[in-house]
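Q: the amino acid sequence is not available; the structure is as follows:
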């Protein structure tokens, strides 16, 4: 914080070792390595050494002592032999003072000069430094300001003669610096934030954190006096974290990341704080509580509050009533149930008093805790306290849950009675959320009947009392009412509850719709759990069996017209709804994703027996599964069978699967004979794709499918087929090649990489070649290449030129392309001129 003047650095008041000794301990320069005696460098060095004049030692060090010095030395030896005489003649000695420099030793005149040398700077040296400093100032204003500073300090600089005078001057400097610091701090408190930030930029020694939080942070900072170094270091770090948290809270409110950082620092500092909890100020406890209790619903926040509450209890810190209630709840949730209940009982007379501000929160907490531990008597006592004050009847919901969890007839009856009590107390204020919560408790406890009655209450607004009905009324016993309930449960994620409801209603003769059960099967499959997948398979195959039974009965004629059927008695269990094409599709897609080809084959056999017209989705799943198993010929046979006999209309995904069956997309082809066969198969597959070109309308063929087709021709080196295909894409399928695809075709790869220098070089060369050809095609006018259509047309022309055969007569080339176009089924679409590739 301090802005010390430059004069502060002229000396150091804490020097203990004199400069003469420090100079004598200076490091000697490193000696160079001597060359070997047999080397030429050694002979050259020796000759130079003979010519070089030898340095003479310092005379002050090597001179012989004078007669006076020898006499004083002998006199000192005599005094050592007669110590008593030396003591009596106290004044019979002399002291010589020296100052060791870098190169020589200098004898000082007297003891005062020696003291000035020890102090680091003498009076004359200080005067010289001040004169030099004033001379170095840039302009007249700076010089005047410097003189004003010296004048304010009130010293006559010309009268500084001793080390004591220097000490006084430096003390004056420090007092003046402290006064300047105080003025800066006082002035900065009233400055706007922008001006203050500019001031801090000009004077880096100022700290924005200290200025802004001068009034708030000191109350939360831990006093570091009289602490051990290790503990002081930890507490100092914690103080910095708390200060940053307070600043961040003022600027942008409580952020989860800041709270996590604060708790991490607090957790690391707890051992140091526990050594003396009295060092923690009350304001710091408030900051920690406000931070850790910012998200009360979070499990991690509850755990932090429990830890903080225990620490505050150890520190004998005072908790407000609301904090005490939250602390009891946090301790309970954290696993200390008996201790939390004991603390709750102890606070009944204070926190639970009639006039207490925490009356409702305290008794609601007690009701929830007793319900959690299964003490219904104490829970009802706490609930009655609240209901006696006409408070929210929703406190009965935890009691309903506890009664359901008991799993007894008494618990079931009490749960229903408690629900009816809550409904009567709430009346019109009971919301759908309240109903859903209660119904979920009933379904979880397998009390489907209570759940049905509650759902009927919700749907009829209490007009129908199911407890007085012997049979399900017609407004309830139908698939539409059941569908609404199943849809609500599936949407809420209660899949097991939905299945329980379906089974409960089926046992009473109410059959669900296949659409609703298909939704349940799909939800189970999306969850991904092994148990859920097993439930989905069981329900799906149950519906398939119901479909197969229906087909068998229809073929055998065992079923007669419904007008001659005997009416079934009420509450007769109904069959599962019959599987639809959607049921088979859900199972088929799931089996394909899980690579269960055996189950998929069994499903396909059941599908054919079920006499359901297949669609493209079901066909795609079967084809994909066969391709994955390596049965490409079977996949093609299945496709042609469904297309021709069952009149299934393929979709774009069908052809994405079919192009995977070609050998060029599955393995490397080196045998010329095999390559010829694969070329014929590829052209035939393109003909099949063109035959069903209507499925790609109106948007045209997908870019990935077109890329796969063109790469197939490239791998086979079938340039004629490639040119016919790209022409058909442009004229029939509304597709122009993008620049990335053109780059892949030029480099002969399906994966452009930029990892090695050689790969980068190839890409750059190909890019320059493409750009050069495109400019030539556009007559070197870049405007002709602007837009996707124009650039796509230029790239299309470049590929035609790139793959057009260089050898042979044009007439022979034309005949070849006409024949290839006929093989690929596009001759009639493109015409003779277009079929030649545009040439």
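A: Good, I have the coordinates. This one's a predicted model, so the numbers in the text were calculated from it and none came from an experiment.
Q: okay, and the residue most central in space within the chain sits in which element?
A: By CA atoms, centre = their mean, the mean C-alpha position of the chain lies nearest to residue 257, the distance being 11.6 Å. Per DSSP states H and E: residue 257 is located in helix 256-274.
Q: assumed residue 813 was part of a strand.
A: No - going by DSSP: H, G, I helix; E, B strand; the rest coil, the assignment for residue 813 is helix, not a strand.
Q: skip the chain neighbours and tell me the closest residue to it.
A: Distances taken as CB to CB, 6 or more residues apart in numbering place residue 805 nearest to residue 813, at 6.1 Å, with adjacent residues excluded. Placement of C-beta: from N, CA and C, glycine included.
Q: over to residue 789?
A: In space, and not counting its chain neighbours, residue 789 is closest to residue 736: 7.1 Å by CB to CB, 6+ apart.
Q: about what we covered before: can I assume the residue nearest to residue 813 is in contact with residue 719?
A: Yes - between residue 805 and residue 719 there is a contact under CB atoms under 8 Å: 6.4 Å.
Q: which of these two has more neighbours?
A: residue 719 (17 against 13; other CB atoms under 10 Å).
Q: look up how far residue 659 lies from the nearest residue to that one once chain neighbours are set aside.
A: Distances taken as CB to CB, 6+ apart put residue 803 closest to residue 719, at 4.6 Å, once the chain neighbours are dropped. Per CB to CB, to the nearest Å, residue 803 is found 20 Å from residue 659.
Q: residues in contact with the regular element (helix or strand) spanning residue 381?
A: Element membership of residue 381 [criterion: DSSP H and E] is helix 376-388. The set of residues external to helix 376-388 that reach it, using CB atoms under 8 Å, 6 or more residues apart in numbering, is 352, 360, 363-364, 366-367, 370-371, 392-393, 395-396, 398-399, 402-403, 425.
Q: where are the low-confidence patches of the stretch 1-150 of the chain?
A: 1-93, 99-104, 108-131, 133-134, 136-138, 150 (pLDDT under 70).
Q: in helices, which of the contacts of helix 376-388 appear?
A: Among those, the members found in helices (DSSP state H) are 360, 363-364, 366-367, 370-371, 396, 398-399, 402-403, 425.
Q: what stretches of the stretch 551-700 of the chain score poorly on pLDDT?
A: 558-573.
Q: go with 80
A: Residue ranges of the stretch 551-700 of the chain with pLDDT under 80: 557-574.
Q: quick one: the helices in it?
A: 581-593, 597-609, 616-628, 632-644, 652-658, 672-691 (DSSP state H, counting those that start in this stretch).
Q: now do stretch 409-418: distance to the chain's middle.
A: Centre-to-centre, stretch 409-418 and its host chain are 46 Å apart (CA atoms, centre = their mean, to the nearest Å).
Q: before we move on, the earlier item: contact partners for the residue nearest to residue 789?
A: Shown in contact with residue 736 (CB under 8 Å, 6+ apart): 729-730, 788-789, 792-793, 795-796.
Q: tell me which of these has the lowest pLDDT.
A: When the contacts of residue 736 are sorted by pLDDT, the bottom entry is residue 788 at 86.
Q: which phi and psi does that one have?
A: phi -70, psi -40 (degrees, to the nearest 10).
Q: show me the contacts for residue 422.
A: Contacts of residue 422 (CB under 8 Å, 6+ apart): 393-394, 396-397, 400, 430, 434, 438.
Q: need those in CSV (columns: pLDDT, neighbour count and distance to residue 421).
A: Converted to CSV, the contacts of residue 422 look like this (pLDDT from 0 to 100; neighbours: other CB atoms under 10 Å; distance: CB to CB, whole Å):
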residue, pLDDT, neighbour count, distance to residue 421
393, 93, 21, 8
394, 92, 17, 12
396, 95, 24, 6
397, 94, 19, 11
400, 95, 24, 10
430, 91, 20, 12
434, 92, 19, 13
438, 94, 28, 12
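Q: circling back: I'd like to know which of the contacts of helix 376-388 are buried.
A: 352, 360, 363-364, 366-367, 370-371, 393, 395-396, 398-399, 402-403 (16 or more other CB atoms under 10 Å).
Q: any idea how far residue 646 is from residue 331?
A: Counting by CB to CB, the gap from residue 646 to residue 331 is 68 Å.
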